[in-house]
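Enquirer: Sequence and predicted structure are below.
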Amino acid sequence: MCKRSEKSDLIILSKTRPHECGGTDATQDPRAPKEIQSQDMVQFEATSQLHGGYVPSRTQKKEMIPLSFVSAFAVPGAEGSFLFLCTREGQLRRPRENCQQAWAYVKANAFPDLDRLVRECDLARQNGFHSKTHGLPQDFGGSVYISYADGEKISFANNQHPILTFETGSRIAEYFAAAMDGEPVALPNVAALKEIRFLEQRKNGGFTKATLTLHADGTGTNVKASRYDDPKVYESEKPVDAQTVEAIQRTVTEKGLLAWASLPRNPWALREIPKTLTFLFEDGQEVTVPDDRWLPHELSRGFFDIELELTVKR
């Protein structure tokens with residue numbers, strides 16, 4: 001039986017009992033609009049398992065193959081649009097295993113066409129519905145979150161079954177793949193990277209600093225300094241082998257870190273302690289990246305992976 005939450009206008013469609021194993025929590029927000037007035041989209045995120053259709057294979061020429069998963073993300077940057085796409089061909093399994101994923105920072109404004117696609121696919125029709133069944137071995141559904149400059153949003157999720165039709169999912173994948181082929185924003189060459197600096201500044205005056213200097217032979221030297229609750233500064237200097245340096249450079253490339261600087265801040269980021277990574281290049285160029293950018297989770301861990309190498313493992 002449906003009822004309204006005492007703390008909001010949410011309609012509670014189903015609710016698990018305290019300490020219940022399994023069960024479904026489902027709500028509907030009656031205030032969520034089914035038609036969006038704004039056309040100024042500022043963020044797009046859609047993830048869903050897909051059933052029931054075939055697309056031309058991206059890996060096997062002239063073959064049609066099931067498209068079983070799509071995850072797409074877009075935010076505007078200072079110089080263009082930052083896009084991410086993850087798809088999985090083949091039968092339904094754990095969706096992110098063997099997923100083909102890529103990111104691109106392109107000069108074109110991808111959002112007007114993306115807004116038209118959202119309207120044509122009528123994604124606002126499911127706005128405000130959220131359902132989570134506890135105890136499932138994986139997410140068999142997905143989620144959509146789209147936000148606009150005037151505060152309007154489209155938000156819905158269900159982990160029991162696909163939330164996008166195959167037609168909608170395949171159109172999203174097709175649009176992102178084409179948009180990501182646009183003219184890229186010029187970013188510094190990772191091969192010309194000569195130094196990476198990490199900085200964490202705590203409220204009590206404490207800090208952690210680390211500087212990884214890269215050498216011509218592919219190795220590096222990491223110098224770290226930390227201060228906690230006492231005045232003493234703890235310092236260390238350690239060599240970094242070529243394999244680790246290569247792994248760090250690969251993280252910078254694969255996670256798109258050099259594009260993060262101009263991306264918007266994640267409005268849900270719990271950033272009590274500011275952290276930054278600064279990348280210095282042979283030509284004197286510097287790129288400073290905060291750890292609170294708005295990114296898909298497949299990429300957002302890149303900052304932490306480098307922080308871990310510079311401050312914990314060294």
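Expert: Received the coordinates, thanks. Bear in mind the structure is a predicted one, so any value in this text is a computation, not a measurement. Numbers count the residues shown, from 1 in each chain.
Enquirer: which regions of this protein lie under the pLDDT threshold?
Expert: Low-confidence segments of the chain, defined by pLDDT under 70: 1-8, 57-62, 90-98, 314.
Enquirer: Do you have the helices of it handy? List them.
Expert: Counting by DSSP state H, the chain has these helices, from start to end: 111-120, 166-179, 242-254, 297-311.
Enquirer: what's the most buried one of the ones you listed?
Expert: Highest mean neighbour count among these (mean count of other C-beta atoms under 10 Å): helix 166-179, with a mean of 20. Placement of C-beta: from N, CA and C, glycine included.
Enquirer: Tell me how far that helix lies from the chain's centre.
Expert: Centroid separation for helix 166-179 versus its chain: 18 Å, with C-alpha atoms, centre = their mean, to the nearest Å.
Enquirer: what helices or strands is that helix leaning on?
Expert: Applying 3 or more C-beta pairs under 8 Å, 6 or more residues apart in numbering; DSSP states H and E, we find helix 166-179 packed against strand 64-77, strand 80-89, helix 111-120.
Enquirer: Am I right that Cys121 is in contact with Arg171?
Expert: Yes. Taking contact to mean C-beta atoms under 8 Å, the distance of 6.6 Å between Cys121 and Arg171 places them in contact.
Enquirer: distance between the ends of stretch 31-49?
Expert: 27 Å (C-alpha to C-alpha, to the nearest Å).
Enquirer: Show me which positions of it end up buried.
Expert: With burial defined by 16 or more other C-beta atoms under 10 Å, the residues of stretch 31-49 counted as buried are Ala32, Ile36, Met41, Val42, Gln43, Phe44, Glu45, Ala46, Thr47, Ser48, Gln49.
Enquirer: same question, stretch 189-202
Expert: Val190, Leu193, Lys194, Ile196, Arg197, Phe198, Glu200.
Enquirer: which residues touch it?
Expert: Residues external to stretch 189-202 that are found in contact with it (C-beta atoms under 8 Å, 6 or more residues apart in numbering): 207-214, 248-249, 252-253, 258, 273-283, 306-307, 310-311.
Enquirer: Check stretch 164-171 too.
Expert: Under the criterion C-beta under 8 Å, 6+ apart, residues 46, 48, 50-53, 55, 67, 70, 117, 121, 123, 142, 144, 162, 172 lie in contact with stretch 164-171.
Enquirer: give me that answer again for 7 Å
Expert: Ala46, Ser48, Leu50, His51, Gly52, Gly53, Val55, Leu67, Val70, Leu117, Cys121, Gly142 (C-beta atoms under 7 Å, 6 or more residues apart in numbering).
Enquirer: Mind jotting down where the strands sit in the stretch 1-150 of the chain?
Expert: For the stretch 1-150 of the chain, strands defined by DSSP state E, counting those that start in this stretch occupy the ranges 3-4, 11-14, 24-28, 41-49, 54-56, 64-77, 80-89, 100-106, 129-133, 142-148.
Enquirer: Need these in a markdown table (columns: distance to Ala177).
Expert: Compiled in a markdown table, the strands of the stretch 1-150 of the chain are given as follows (distance: least, C-beta to C-beta, whole Å):
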| stretch | distance to Ala177 |
| --- | --- |
| strand 3-4 | 43 |
| strand 11-14 | 36 |
| strand 24-28 | 33 |
| strand 41-49 | 14 |
| strand 54-56 | 10 |
| strand 64-77 | 10 |
| strand 80-89 | 6 |
| strand 100-106 | 9 |
| strand 129-133 | 28 |
| strand 142-148 | 19 |
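Enquirer: Please identify which of those strands is closest to Met180.
Expert: Set against Met180 and scored by C-beta to C-beta, these come closest in strand 100-106, at 3.8 Å.
Enquirer: ok, back up a step: which of the buried residues of stretch 189-202 sits closest to Lys153?
Expert: Here the nearest of the buried residues of stretch 189-202 to Lys153, counting by C-beta to C-beta, is Glu200; it sits at 32.2 Å.
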